[in-house]
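*Asks:* Coordinates for the following, if possible.
(2 chains)
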Amino acid sequence: MRRLKAQVSHLFLPLSVLVLLIVINLIKGADYFSITVVNGALYGNIPNILFGASELVILSIGMTLVTASSQGQDISVGVAATITSSVFVLFVLNAGNATLLTIVAGFLVSCVAGLVIGVFNGTLVSVFKVQPMVATLILFTGGRSIAFMIDGKLSPILANDISNQIGTVIPGVPIQTPIILTAVFIALVAVLLKTTNLRLYTESVGINPSAARLNGIDPKKIIFLTFLIMGVCTAVAGFIAVNKAGRHDSVNLLKLIMMDAILAVAIGGNALSGGKFSITGSIIGAYTIEVLNRTLLRLEVETETIKAFKAVFIIILMVVASPVVGDFAAKALRWVRFRVDSGTVPETGAPEAAAASDPDTPAKKEV
Amino acid sequence: MRSENVLEMEGICKAFPGVRALHNVDFALRKGEIHALMGENGAGKSTLIKVITGVYEKDAGRIALNGRPIHFRSPKEAQNGGIGTVYQEIALCPNLTVAENMFVGRGRYAFVQWKRINEKTTRLLSSLGIPARPTQQLSSCSLAVQQMIAIARAVDMDCRILILDEPTSSLAEDEVRKLFELMRELKSRGVGIIFITHFIEQVYEISDRITVLRNGELIGEYEASSLPQIELVSKMMGKALGDVAKMRKLEPLAPDSGVPVFEATALSSDAGVRPFNFTIQKGEVNGFTGLLGSGRSESARAIFAADKVTGGEVKMNGRRVKISTPLHAMKQGIGYLPEDRKGDGIIAELSVRDNIILALQVMKGFLRPFSRKQAEGFSDQYIQSLNIKTPSTNTPVRSLSGGNQQKVILARWLLTHPEYLILDEPTRGIDVGTKVEIQKLVLKLAEDGVSVTFISSEIEEMLRTCSRLIVMKDREIVGELSGMNLTEQDVMHVIAQGGE
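*Replies:* Here you go, the predicted model:
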């Protein structure tokens, strides 16, 4: 119970933003949650959001881990996914007939490509101690050219049924395939966290690498490991993206998605300076960003100005979530409580503890 | 009201929700005296200081400055009223110059007259005998000089009262000397100094009077010259010193009593210790002693492979083993509590539970996490046996007091059931009560057959616990002492003679 409470207070920010956006959508039209069945598959706002955010969710999971361990961000994720997917496309097109086997094999090969990218970035960051953002800037700059070279031509087309089904829906299955793949991926990550000490090691390294080392954890290995996991994330995201698109566009595939991935991590309540992390938070953050994008579209904001509105929303969000406002809210809350209870003060020891526990209260009320 | 008192406080009360931090405390500071404020953690020292400086508002009582009642509502007001405060952690900007640090945030001018400021800084620094240049970057000064600059900054604001909260805890011995010289200089100028520290020796070296607080109450005010150390400690702890006096270290072992638990030959590390030989027997308590920088910590780190080992041979129970990373050392049954608790010890944001299980969990392996229940069990067990004061196992270790943080790290290593435990400064910066608890624990461990290497900058503490002292100087072992009745003089003698 106590644990649940801690969890909820941690997720207060992303959840409340999500709720706010949904309320805005419901005001705009009460049919927001309506789901229709087309050709045996579910369509509607919710499935669209889950569908649209797939790649972002997967990349933000990797970004969370990289942030936690290396205390920095990987800005090459979109580009890396473009490279891994170009490897996938190359493999599938060269294999002649696209069968399930060639698709799966192509995916595995693209995972290897993702791991190679992870090794590259991870080595720069962990062994050579390059700032993560600078290290990944290299691939960010040159990566799309590499993808283009692997492709050999502009936008090769993936014209086969299996790719189409992976990118949209498998006949007879009511849920779109990317949603299922994302769910499976999240489940795998959950299992990984449950059955290993990934969390303890990563958080220790992110908070205090020196102390972690003196307790037998090799910070280099852990940072390296998180970049490898990131490599797999990019391969999966690239795989979903290219199958959704049906063709491999080296220039525009998942363009600038790293910004949203970093934002998802931040909205999820994670410190960008590393340390303790919440993957659940980042996942909710990623879906929140997708909801935000679609809300702006639904509100018929002009496509050209949509980014400006998004920026304004994010500024407000970040200010509200800042510790400054948090402290103020906690103080205000204490004052109100003090007035209401007239004299009976909360049973917390130091004022610090009171400030820390206060922000929980609105979470309890709202959820 | 006597006129020589610059500060008088009477009947000060302050309560926080659920805690009575100060109850009816009187305190008086004379002009030109150094007055030590003593008490264990949680005795109310910091609260009293914060009441003086306007950080907290008192619930009841009177404060008078130079005979006039005052009521500061913010630290800024207190500063303007002539009360300067310097805290343990130096609150200056390391990347600014000395002069910039002296004046940052104080000018009201749009244009800064650097030339004038630099001149003014030079004058101030030289008048206080602080060895620094105004244009020098602060980070290029030693910690002591930085601390002195912080004091100079406080003093420059025409201050009558200077509050020093643990100013010496991160300083080396010779740096402490310099700081004391500065304090004496200020004293001779009539500044009243309130000095808070955990180092009892330092209190006696410099203080004129001592006020003792315990559990938020005033125990008494004493002339330093008429209060024996042992009595001060017992007043702070609130119990007779039978406990401390009863503590009896173990008889030194005969040099040939069996195969040593740990044996190093010509061990060296890249931290600059000269190759050294070292052994420890089962159930022995020994320690590296020497002045700061003599290599005592570096030797301990070399044993645990905390620094890169560059040569030498290591045997565990007579068997040759390879220890080139901390993990190797841990797997051989060695535990290491580092000198720098914040920097190398605790993982601040992680829970008490995670901090306790960390070492054992790492030894068990990445792929084999403890269940939540096991982890809870382990941490509950040691929270109880070491009497760690924490609201829950979930509390971030950062929010515990220094002494309790140290106990968490001790718990971490005790949980691994080490054969050989290295404790580097386990009692630094923690209150007397916990200090004694830790010393007793060390002796108890030794009785149970654990070998312990105990390092402390307080020689007296080492004399009380270690049956064998390895004396170091200039990163080399210069001698060894063992016996039940060693004194500080014996150690000094070896240091003085060593290496000549």
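
*Asks:* low pLDDT regions in the stretch 201-350 of chain B?
*Replies:* Applying pLDDT under 70 to the stretch 201-350 of chain B picks out residues B:239-249, B:253-257, B:292.

*Asks:* Confirm that B:Cys159 lies within a strand, as I assumed.
*Replies:* No: in this structure, B:Cys159 is coil, not part of a strand, as judged by DSSP: H, G, I helix; E, B strand; the rest coil.

*Asks:* and the residue lying closest to B:Ala91 once chain neighbours are set aside, helix, strand or coil?
*Replies:* On the basis of CB to CB, 6 or more residues apart in numbering or on different chains, the spatially nearest residue to B:Ala91 that is not a chain neighbour turns out to be B:Ala150, at 6.9 Å. C-beta: built from backbone N, CA, C; applies to glycine. When the structure is split into helix, strand and coil by three-state DSSP, B:Ala150 lands in helix.

*Asks:* I'd guessed B:Ala150 sits against B:Cys93; true?
*Replies:* No: taking contact to mean CB atoms under 8 Å, the distance of 11.1 Å between B:Ala150 and B:Cys93 leaves them out of contact.

*Asks:* between these two, who's got more neighbours?
*Replies:* B:Ala150 (23 against 14; other CB atoms under 10 Å in any protein chain shown).

*Asks:* any idea of the pLDDT on that one?
*Replies:* At B:Ala150, the model reports a pLDDT of 84.

*Asks:* quick one: it and chain A, what's the gap?
*Replies:* As for B:Ala150, its distance to chain A is 24 Å (criterion: CB to the nearest CB, to the nearest Å).

*Asks:* Backbone torsions only: list them for A:Met63.
*Replies:* Backbone torsions of A:Met63, given as degrees, to the nearest 10, read phi -60, psi -40.

*Asks:* Kindly report the same for B:Gln147.
*Replies:* Summarising the backbone geometry of B:Gln147 under the convention degrees, to the nearest 10, its torsions are phi -60, psi -40.

*Asks:* now do B:Pro426
*Replies:* Torsion angles, degrees, to the nearest 10, at B:Pro426: phi -70, psi -20.

*Asks:* What number of residues are in the vicinity of it?
*Replies:* Other residues within reach of B:Pro426 by the criterion other CB under 10 Å amount to 28.

*Asks:* what sits against the one residue sitting closest to the centre of chain B?
*Replies:* A centroid search over chain B (CA atoms, centre = their mean) returns B:Gly429, at 2.4 Å, as the residue closest to the centre. Applying CB atoms under 8 Å, 6 or more residues apart in numbering or on different chains, one finds that B:Gly429 lies in contact with B:Glu166, B:Ser169, B:His198, B:Arg341, B:Gly402.

*Asks:* Which parts of the helix or strand hosting B:Cys13 count as buried, going by neighbours?
*Replies:* With the criterion set as DSSP states H and E, the secondary-structure element containing B:Cys13 is strand B:5-16. Residues of strand B:5-16 classed as buried by neighbour count (16 or more other CB atoms under 10 Å in any protein chain shown): B:Asn5, B:Val6, B:Leu7, B:Glu8, B:Met9, B:Ile12, B:Cys13, B:Lys14, B:Phe16.

*Asks:* helix, strand or coil for the residue of chain A found nearest chain B?
*Replies:* Sorted by distance to chain B under CB to the nearest CB, the residues of chain A start with A:Gly216, at 3.6 Å. Local secondary structure at A:Gly216 is given as coil here, using three-state DSSP.

*Asks:* and it, how many neighbours does it have?
*Replies:* Other residues within reach of A:Gly216, judged by other CB under 10 Å, total 19.

*Asks:* Around the residue lying closest to A:Glu55 once chain neighbours are set aside, how many other residues sit close by?
*Replies:* Distances taken as CB to CB, 6+ apart put A:Ala237 closest to A:Glu55, at 4.1 Å, once the chain neighbours are dropped. The number of residues packed around A:Ala237, counting by other CB under 10 Å, is 34.

*Asks:* now do A:Ile27
*Replies:* Burial of A:Ile27 is recorded as 9 neighbouring residues (other CB under 10 Å).

*Asks:* Just the pLDDT at it, thanks.
*Replies:* As predicted, A:Ile27 sits at a pLDDT of 87.

*Asks:* next one: the one 10 residues further on
*Replies:* A:Val37 is assigned a pLDDT of 85 by the prediction.
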